[in-house]
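K.L.:
requesting a structural model of the entry that follows:
(chains A, B, C and D)
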2 protein chains.
Amino acid sequence: MVKQEMQRQHTPSMEDYLEAIAMLRDANKAVRVSQISRRLKVRMPSVTSALEKLSEKGLVVHERYRYVELTPEGESVAEGVVHRHEALSCFFTEALDIDRETAEEDACKIEHVISPLSLERMIKFIEFIQACPLEEPNFPKRYKYYLEHGQLPEECLAKGLEKEERRK
Amino acid sequence: MVKQEMQRQHTPSMEDYLEAIAMLRDANKAVRVSQISRRLKVRMPSVTSALEKLSEKGLVVHERYRYVELTPEGESVAEGVVHRHEALSCFFTEALDIDRETAEEDACKIEHVISPLSLERMIKFIEFIQACPLEEPNFPKRYKYYLEHGQLPEECLAKGLEKEERRK
DNA sequence: CATAATTGTTAGACAAGGCTAACAATTCTT
DNA sequence: AAGAATTGTTAGCCTTGTCTAACAATTATG
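P.N.:
So this is what the prediction gives:
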């Protein structure tokens, strides 16, 4: 097998459709064209034509005028997108202390382009700051202080000074 | 003034062209169509037609068969893109310990879609971990340990146990 | 300086992914 | 169950951004 540029299998647009279908199905029961249209803020004809393409690729099942379903393969693609979305949005809210709305917006864009490695590291990062118990006030707390006050909290400054002292 | 969806002014493609022009100019002296073509891995006619569009928008100056220059406005747009790129790539390498190549690739994609807030927070984050001197082994060091070994370093585990003990 | 090599442009094709207008099927309401 | 309301589809158009092929200008070289 020749080593070739492993390029993303599906376009951002197609990923958005798959993700929307998966999430609507999880929330409700049967997925309709109109719902996808509303959720993605595109007109219904755009949905119809996207579904046709996804059908051809074997990712969804859609008979005219009927509900939409994911095939097992479509399911697994959607799962991947949703997973990336959730990891990203969690990283933005938990690690960077971004508001939920902005975090969601950014996740929606970035989920289509981020590398597996970077995603994995963000997940590891969250695990790490959640697991690592060293000191209180701990890392996220000190970080928030820095965000709010534009400078390090007392205990950091103090330690910083100590260090400088020792160096003399 | 009516509140309206503040949408990104320029497409990812246009931003890529502006960024490439700025960086080529910084590296060399005069920017040619062929250089842009090579750097962005698109064919020359694509460059020509992109330059025409950017000209119409007043972002570049380009007379047929001659060098390409940025207008002051093009300059400032390019500066923004380059700034986002550098902040992102720095965040990936410094904060998440990603290799330079992957960091660059991700930065190239994400620079077109990230919100100003998330970008600002990433910058703040880097400043913070670089400035905060609390303990050694410090945060980035402990994080790397976690990456390599899949579990927290000794001193974290110890602290974690202490905590649990106290709770009994 | 004449011609070869390189660089750049034009013209035209094409794919993706949106849209509107018009029509068709389905579902709701009485 | 018949008409009204809703939902979905078809047809066709538009923009963006790429490409190839063919031609034109510029630059380099013997």
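K.L.:
thought A:Val33 was touching A:Ser49?
P.N.:
No - counting by CB atoms under 8 Å, A:Val33 sits too far from A:Ser49 to count as a contact (10.8 Å). Heads up, the C-betas are built off the backbone N, CA and C, glycines and all.
K.L.:
and the two? which has more neighbours close in?
P.N.:
In this comparison of A:Val33 against A:Ser49, neighbours counted by other CB atoms under 10 Å in any protein chain shown, the higher total goes to A:Val33 at 19 against 10.
K.L.:
what sits against the more buried one?
P.N.:
With contacts taken as CB atoms under 8 Å, 6 or more residues apart in numbering or on different chains, A:Val33 has the following neighbours: A:44, A:47-48, A:51, A:68.
K.L.:
for chain A, what spans make up the helices?
P.N.:
With DSSP state H, the ranges of helices along chain A come out as A:12-27, A:33-40, A:44-56, A:72-90, A:100-110, A:116-131, A:139-149, A:154-167.
K.L.:
nearest to B:Ala22, of these?
P.N.:
helix A:100-110 (23.0 Å; CB to CB).
K.L.:
keeping just the C-alphas, turn the closest one into CSV.
P.N.:
Listed in CSV are the C-alpha atoms of helix A:100-110, where the atom choice follows Å, rounded to 0.1, in the frame of the first residue of the first chain:
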residue,chain,number,x,y,z
ARG,A,100,-20.8,28.1,26.1
GLU,A,101,-22.1,30.0,23.0
THR,A,102,-18.7,31.0,21.7
ALA,A,103,-17.3,27.6,22.5
GLU,A,104,-20.1,25.9,20.5
GLU,A,105,-19.6,28.2,17.5
ASP,A,106,-15.9,27.6,17.5
ALA,A,107,-16.3,23.9,17.9
CYS,A,108,-18.7,23.8,14.9
LYS,A,109,-16.0,25.2,12.7
ILE,A,110,-12.9,23.6,14.1
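K.L.:
which strands and helices sit next to it?
P.N.:
helix A:72-90, helix B:116-131 (3 or more CB pairs under 8 Å, 6 or more residues apart in numbering or on different chains; DSSP states H and E).
K.L.:
how about that helix: buried residues?
P.N.:
Judged by neighbour count using 16 or more other CB atoms under 10 Å in any protein chain shown, the buried positions of helix A:100-110 are A:102-103, A:105-110.
K.L.:
stretch A:19-26 now?
P.N.:
A:19-25.
K.L.:
ok, the residue nearest the centre of chain A - contacts?
P.N.:
Per CA atoms, centre = their mean, the C-alpha nearest to the average position across chain A is that of A:His85, at 1.9 Å. Residues in contact with A:His85, defined by CB under 8 Å, 6+ apart, are A:19, A:107-108, A:111.
K.L.:
what does chain A put close to DNA strand D?
P.N.:
Counting by CB under 7 Å from any atom of the strand, the residues of chain A close to DNA strand D are A:32-35, A:37, A:44-45, A:47-49, A:51-52, A:62, A:64-65.
K.L.:
got a list of what the nearest residue to A:Arg100 once chain neighbours are set aside touches?
P.N.:
If the residues on either side of it in the chain are set aside, A:Arg100 comes closest to A:Thr93, at 6.1 Å by CB to CB, 6 or more residues apart in numbering or on different chains. With contacts defined as CB under 8 Å, 6+ apart, A:Thr93 is in contact with A:99-100, A:103.
K.L.:
so A:Thr93 versus DNA strand C, what's the distance?
P.N.:
Distance of A:Thr93 to DNA strand C, given as CB to the nearest atom of the strand, to the nearest Å: 26 Å.
K.L.:
where in chain A is pLDDT low?
P.N.:
Applying pLDDT under 70 to chain A picks out residues A:1-7, A:131-148, A:150-168.
K.L.:
need the residues of it near DNA strand C, please.
P.N.:
Proximity of chain A to DNA strand C (CB under 7 Å from any atom of the strand) is limited to residues A:11-14, A:16, A:41-43, A:45-46, A:49-50, A:53, A:65.
K.L.:
any chance of those in CSV, plus distance to B:Glu73?
P.N.:
Listed next are these as CSV, based on distance: CB to CB, whole Å:
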residue, distance to B:Glu73
A:Thr11, 31
A:Pro12, 28
A:Ser13, 31
A:Met14, 35
A:Asp16, 32
A:Lys41, 30
A:Val42, 32
A:Arg43, 34
A:Pro45, 37
A:Ser46, 34
A:Ser49, 37
A:Ala50, 36
A:Lys53, 38
A:Tyr65, 50
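K.L.:
which of those residues tops the neighbour count?
P.N.:
Highest neighbour count within these: A:Ala50, with 23 neighbours (other CB under 10 Å).
K.L.:
does that one touch A:Met14 like I think?
P.N.:
Yes - applying CB under 8 Å as the test, A:Ala50 and A:Met14 come out as touching, 7.0 Å apart.
K.L.:
apart from its chain neighbours, what residue comes closest to A:Glu69?
P.N.:
A:Val61 (4.7 Å).
K.L.:
and for the one you found, the neighbour number?
P.N.:
As a burial measure, the neighbour count of A:Val61 was computed by other CB under 10 Å and equals 15.
K.L.:
contact partners for it?
P.N.:
By CB under 8 Å, 6+ apart, the contact set of A:Val61 is A:55, A:68-71.
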